[in-house]
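Undergrad: give me coordinates for this.
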Amino acid sequence: MAIRSSIFVRLMATFFAAIIVIAALGSNMYNWSLKTVKEEIFKSTTAQTTFYLEGLEAEIDRIKILQYDVLNDEDLNKLAIRHSIMDEYETIESIRKLHHRLVSIQNSNAYISDVSAHIYPIKKTITSKKSVNALNTDKFESLRIPEGMKGAQLIMYNGNLHLTTFLMGNMGLSPLYMIEIELNTSVFREALKQFDTYPDSGSILLDMTNGLMIHSEDTPQPFVDVVQSFSNHESDIKLGKISSYRDTFVIAEKSDYLNMVLFRFIPKDVVLVPIESFSVWLWIFVGVVILLVVFIYAYTYKLIHRPMKELVKAFRSVEKGNFDVKVDANQNNEFDYLNKGFNSMVQNVSNLIDQVYKHKILEQKAELKHLQSQISPHFLYNSFFLINTMARVKDDNLIPFTKLLGEYFQFITKNDSDFISLYEEIEHARTYTDIQLMRYPSKLTIEFESSPEQFKEIIVPRLIVQPIIENAFKYAAEHSRGPIMILVYFQLTDERVTIVVEDNGTQLTDEKLMSLQRQFNQAHMSESSGLNNIHRRIQLICGDEFGLQVERSIRGGLKVMLHINARMRE
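TA: Alright, predicted model coming up:
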């Protein structure tokens, strides 16, 4: 029984297919859960990040509004424009009022570290922290806003972020004064700590304009390297999407107004915690299913497969002709009934085969004897007619002819065996052709190939070649007025020997040829003489794939091919 058709294999394949389906569903559920958790964390983290950036934008806007409002301060304008006509008291009073306002701005927002008014005409800088200082020209020029900048114009100076705005003079060469607000970087760091709610998490604020990164001191260096790579356009982290870096999820959101990007680093373990229990139960479930399938496999093998295998093995043994096989019938189930029925069937079939076989052997022997007995009288009649003709014409070949004829009948009247070597059969047929050559010396030409030596080892029934040659004489030589040619040759392979007899007779019609072909192709032939007898005898002994085959010869007459099993031995 082929593996692909085994019921047991199909049953096991069904169980394993079910396991695969269950495992696939579990895997999909696990992946779906992981994806859902990731999306929820992404949505939550993105919302927090966006909320923070929007709040930071609002704070910077408020700071800028305060900054712009100072540009119109009366005391600032007096110091920048009327300083040359102001007395000392008025100047000190204006500086005091301006300093007081700057202090008020500083105290109004936690993100402000210092507020400075740089007054270029008097070369003075008034700050909220140190009151009045000399104007730092280099700092003044460095803090000037570059042309083309949009949004919140943050400028980095000495590692800190600054917001600056200024009022140009009439000539437009240099600002009259500049309002500079230095942002408190430590406040940014404190604000970022609110996002570090998970162990080993981190947050980094990147100023894309100045390349400044703001993060807490305990931020892991690999996170800093990731942000640095992003700043250098060497990272595959995408804005607005969740990305992976080692064992960490990375979320990056950007503020176009501030030109800043906030990075959130969340350990994957934190994400996987909600579904760890689900994963454990999934594997427990798969393990239980596997154990169940193993149990079902063992139980099914013992209950069904093994007895079925024994029964199939017994059937195979019977197919090979062994009727002594017997299967156990002690299982107390359906197989017990089948095994008992099988044993009974084998016994009955064995008895019937024994009876039929013996009857068939006797029948075949009787048929072979009958077929042989039909051939001898047929040739005897032709021989007597030929002797009568030769005597009447006083043919000198009468004596050698009768000698050949005596040898011929001596051969066919032997009773020692119904089978002879193919070599002897061919030589007997050659004797027959010598007789016919003496009858038609001028009209007949025969080309008879010599018998190969291996023909001496092949055993065949008597009189299977001579009747074929006799048939050629009957339908070619005796019914034709022109020269007649008969060819006898052999074709050998390891499996079969083919004896070919061809003639150039003109009496073979297509209807007669088709009739012969139909006779040899029929399973049971009604006629039992001539070529049909030979065909039937060969098939009885060698098998249905052997026997006679006819077709038209290239010389116009009949071509008869006698196929014999080359392995026929004693």
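Undergrad: switch to C-alpha atoms for all contacts and neighbour counts from now on
TA: Noted.
Undergrad: for the helix or strand where W32 lies, packing partners?
TA: Secondary structure from DSSP states H and E places W32 in helix 7-71. Where contact means 3 or more CA pairs under 8 Å, 6 or more residues apart in numbering; DSSP states H and E, helix 7-71 is packed against strand 160-168, strand 175-183, strand 248-255, strand 260-267, helix 268-300.
Undergrad: please name every helix or strand in contact with the last one.
TA: Contact partners of helix 268-300 among helices and strands, from 3+ CA pairs under 8 Å, 6+ apart: helix 7-71.
Undergrad: which residue of the chain sits farthest from its center?
TA: Most distant from the centre of the chain: D87, at 96.7 Å, with distances by CA atoms, centre = their mean.
Undergrad: contact partners for it?
TA: D87 makes no contacts at all, as judged by CA atoms under 8 Å, 6 or more residues apart in numbering.
Undergrad: next one: D328
TA: D328 touches 336, 339, counting by CA under 8 Å, 6+ apart.
Undergrad: name the SS class of it, please.
TA: coil (DSSP: H, G, I helix; E, B strand; the rest coil).
Undergrad: next one, pLDDT for it please.
TA: pLDDT for D328: 73.
Undergrad: R496 now?
TA: 91.
Undergrad: one more: Y423?
TA: Y423 is given a pLDDT of 92.
Undergrad: quick one: which helix or strand includes the closest residue to E453 other than its chain neighbours?
TA: Once flanking residues are discounted, E453 sits nearest to Y423: 7.7 Å by CA to CA, 6 or more residues apart in numbering. Secondary structure assignment for Y423, by DSSP H and E: helix 422-439.
Undergrad: surely the residue nearest to E453 and S451 touch.
TA: Yes. Y423 lies in contact with S451 (CA atoms under 8 Å); the separation is 6.3 Å.
Undergrad: and N72, how many residues sit next to it?
TA: 11 (other CA atoms under 10 Å).
Undergrad: gap between it and K124?
TA: 18 Å (CA to CA, to the nearest Å).
Undergrad: the helices in the stretch 101-250 of the chain, which residues?
TA: Here the stretch 101-250 of the chain has its helices, by DSSP state H, counting those that start in this stretch, at 137-142, 185-192, 221-231.
Undergrad: now the longest one: mean pLDDT?
TA: Put plainly, it is helix 221-231. Per-residue scores along helix 221-231 average to 85.
Undergrad: with the first one instead?
TA: Per-region confidence: helix 137-142 scores 84 on mean pLDDT.
Undergrad: pull the CA atoms of that helix into CSV?
TA: What follows is helix 137-142, C-alpha atoms only, in CSV (Å, rounded to 0.1, in the frame of the first residue of the first chain):
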residue,chain,number,x,y,z
THR,A,137,29.9,93.3,20.3
ASP,A,138,30.8,89.8,19.2
LYS,A,139,27.8,88.4,21.0
PHE,A,140,25.6,91.1,19.6
GLU,A,141,26.6,90.2,16.0
SER,A,142,26.3,86.4,16.7
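Undergrad: check which helices and strands it sits against.
TA: So helix 137-142, by 3+ CA pairs under 8 Å, 6+ apart, packs with no helix or strand.
Undergrad: sec struct for A80, please.
TA: Relying on three-state DSSP, one would call A80 helix.
Undergrad: so who does it touch?
TA: 119-122, 176-177.
Undergrad: for stretch 66-86, buried residues please.
TA: 66-68, 70-71, 75-81, 83 (16 or more other CA atoms under 10 Å).
Undergrad: how long is it from one end to the other?
TA: 27 Å.
Undergrad: now do stretch 135-145
TA: 18 Å.
Undergrad: can I get the helices of the stretch 101-250 of the chain in a markdown table with mean neighbour count and distance to T91?
TA: Below are the helices of the stretch 101-250 of the chain laid out as a markdown table (neighbours: other CA atoms under 10 Å; distance: least, CA to CA, whole Å):
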| stretch | mean neighbour count | distance to T91 |
| --- | --- | --- |
| helix 137-142 | 12 | 22 |
| helix 185-192 | 16 | 34 |
| helix 221-231 | 16 | 48 |
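Undergrad: of those helices, which is nearest Y381?
TA: helix 221-231 (115.5 Å; CA to CA).
Undergrad: if I look at I122, how far off is G482?
TA: In terms of CA to CA, I122 sits 149 Å off from G482.
Undergrad: who has more neighbours, these two?
TA: I122 (16 against 13).
Undergrad: does that one touch H83 like I think?
TA: Yes. Using CA under 8 Å, I122 is in contact with H83, at 7.4 Å.
Undergrad: I'd like the next helix or strand past the helix or strand bottoming out on mean pLDDT in the chain.
TA: Every helix and strand in the chain was compared by mean pLDDT, DSSP states H and E; the lowest is helix 334-392, with a mean of 68. Where DSSP H and E defines the elements, the next helix or strand beyond helix 334-392 is helix 398-412.
Undergrad: elements contacting that next one?
TA: helix 334-392, helix 422-439.
Undergrad: what's the offset of it from the middle of its chain?
TA: Its chain's C-alpha centre and that of helix 398-412 lie 77 Å apart, by CA atoms, centre = their mean, to the nearest Å.
Undergrad: next: stretch 255-274.
TA: That offset, for stretch 255-274, works out to 41 Å (CA atoms, centre = their mean).
Undergrad: any idea how far V465 is from L282?
TA: Using CA to CA, L282 is found at 82 Å from V465.
Undergrad: kindly apply the preceding question to I446 instead.
TA: For I446 relative to V465 (CA to CA), the value is 15 Å.
Undergrad: quick check on those two: which one has the bigger neighbour count.
TA: Set I446 next to V465 and count neighbours by other CA under 10 Å: V465 wins out with 23 against 16.
Undergrad: ok, now which ones touch the more buried one?
TA: Contacts of V465 by CA under 8 Å, 6+ apart are 425-426, 429, 499.
Undergrad: name the nearest of these relative to N107.
TA: Closest to N107, out of all of these and judged by CA to CA, is I499, at 125.2 Å.
Undergrad: tell me which strands and helices the helix or strand containing that closest one is in contact with?
TA: Assigned by DSSP H and E, I499 belongs to strand 496-503. Contacts defined by 3+ CA pairs under 8 Å, 6+ apart place strand 496-503 against helix 466-472, strand 484-492, strand 558-565.
Undergrad: ok, now with 6 Å
TA: Applying 3 or more CA pairs under 6 Å, 6 or more residues apart in numbering; DSSP states H and E, we find strand 496-503 packed against strand 484-492, strand 558-565.
Undergrad: distance between it and the chain's centre?
TA: 53 Å.
Undergrad: now that strand and helix 422-439, what's the angle there?
TA: 10 degrees (axes from the mean of the first three to the mean of the last three CA atoms, to 10 degrees).
Undergrad: how many neighbours does V312 have?
TA: For V312, using other CA under 10 Å, the count is 13.
Undergrad: equivalent analysis for the one 3 residues further on, please.
TA: For F315, the neighbour count with other CA under 10 Å is 19.
Undergrad: then the one 4 residues further on?
TA: Other residues near E319 number 10, with proximity taken as other CA under 10 Å.
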